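K.L.:
Predicted coordinates and the sequence they were generated for:
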Amino acid sequence: QVQLVESGGGLVQAGGSLRLSCAASGGTFSEYAMAWYRQGPGKEREPVATISWSGHATDYRVSESGRFTISRDNDKNTVYLQIDNLKPEDTALYYCAAGSTGWDLHELENWGQGTLVIVSS
């Protein structure tokens, strides 16, 4: 089982950027597909982006996906989520998750505790 710890969240003004990080330990990171999810106030958890084991394949599940970039560094056991031109509606708790067989919700076996992003207008 891999343990995941997110960081990089904070309070930012609309229009700004953040890079979220998710550090993995306790497993072979390259054996896991990774995903970022978020849960905004009063909303259900929703997928943001996914990335394959090698990092060669990515998929974005949010609208305005051009503002989001998912990447990973298997040497550093870390997956990233870059968010540009932040908007108040991006305010949410952002989670990373790992799946050894894939990145669909039912395949995500391990979750971090989340990092909070608050975007002020």
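P.N.:
Thanks, I have it.
K.L.:
so what's the spatially most central residue of the chain up against?
P.N.:
In the chain, the centroid-proximal residue (Cα atoms, centre = their mean) is W36; its distance is 2.7 Å. By Cβ atoms under 8 Å, 6 or more residues apart in numbering, the contact set of W36 is 20, 22, 47-50, 70, 79, 81, 94-97. Glycine gets a C-beta too; all of them are placed from N, C-alpha and C.
K.L.:
The residues you listed in helices, which ones?
P.N.:
Among these, DSSP state H puts none in helices.
K.L.:
Bridged to the residue nearest to the centre of the chain, which residues?
P.N.:
With DSSP bridges applied, W36 shows beta-bridge pairing to A49, C96.
K.L.:
Equivalent analysis for F68, please.
P.N.:
Counting by DSSP bridges, F68 forms beta bridges with I83.
K.L.:
Surely it and I51 touch.
P.N.:
No: look at F68 against I51 with Cβ atoms under 8 Å: they stay out of range, at 11.4 Å.
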